[in-house]
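Undergrad: Output the structure for:
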Amino acid sequence: MKSVKSSLKEKIAFLKLKAGDSDAFAFFYDKYVDNIYRFVLIKVSDKQVAEDLTQEIFLKTWQHLVDKKEIKSFQAFIFRIAYNSVVDHYRQNNNQELPLEYIEEKEDATATDQGAALDKKIDSQVLLEKIKQLNPDYQEVLLLRYLEGLSIEEIADIMQKEKNNISVTLHRALNKLKSLIDQKQ
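TA: Model (predicted):
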């Protein structure tokens with residue numbers, strides 16, 4: 001019931017957003033800022049650059065809305081802008097490889113949470129090291145699908161590829177990741 005109510009609230013906010021309501025934009029900003037920041041931070045591995053790019057992404061999104069351009073899905077649209085912004089950042093800085101780094105756990109965890117967080121961090125670091133060994137397309141679909149929780153259709157919109165292509169890429173990425181993990185054990 002909660003997800004239906006949340007979905008309905010998002011649809012109403014999206015309609016208001018398309019009409020130019022700045023409060024609706026604030027709703028979407030609050031809803032997506034952490035996800036966009038995390039996505040960008042994983043890609044650039046620099047907190048200051050990630051903050052700057054995140055701000056730029058939301059400014060580009062707002063400008064797109066002010067220009068009255070069509071948006072079908074806010075989530076797919078903003079992740080597409082984020083994806084393009086990261087690519088542009090690396091092009092401007094002549095970097096060839098997109099790094100994938102682990103994001104530090106929040107420091108305000110309790111002592112018992114810190115032990116669990118440390119175990120999780122170690123496992124996550126091993127997993128992310130293996131993901132770094134994958135090609136960039138495999139990294140991208142894994143991050144968007146499992147870290148951001150996007151659907152195959154949304155990932156296809158973001159990466160501007162067919163849904164079947166994304167499904168196959170995701171399947172291959174998981175198989176390759178599994179084989180890399182199994183090699184270590």
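
Undergrad: if we look at the helix or strand hosting residue 175, which residues are touching it?
TA: In this assignment (DSSP states H and E), residue 175 forms part of helix 163-184. The contact list for helix 163-184, computed with Cβ atoms under 8 Å, 6 or more residues apart in numbering, reads 126-127, 130-131, 133-134, 137-139, 141-142, 145, 152-153, 155-156, 159, 161. Using the backbone N, CA and C atoms, a C-beta is placed for each residue, glycine as well.

Undergrad: In helices, which of those appear?
TA: 126-127, 130-131, 137-139, 141-142, 152-153, 155-156, 159 (DSSP state H).

Undergrad: Format the residues you listed as a markdown table; extra columns: distance to residue 26, neighbour count and pLDDT.
TA: Shown next, in a markdown table, are the ones in helices among the contacts of helix 163-184 (distance: Cβ to Cβ, whole Å; neighbours: other Cβ atoms under 10 Å; pLDDT from 0 to 100):
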| residue | distance to residue 26 | neighbour count | pLDDT |
| --- | --- | --- | --- |
| 126 | 39 | 13 | 74 |
| 127 | 35 | 15 | 76 |
| 130 | 39 | 17 | 80 |
| 131 | 34 | 21 | 81 |
| 137 | 34 | 16 | 85 |
| 138 | 35 | 19 | 88 |
| 139 | 32 | 21 | 86 |
| 141 | 31 | 28 | 88 |
| 142 | 31 | 20 | 86 |
| 152 | 30 | 17 | 88 |
| 153 | 27 | 12 | 88 |
| 155 | 26 | 25 | 89 |
| 156 | 29 | 20 | 87 |
| 159 | 28 | 18 | 85 |
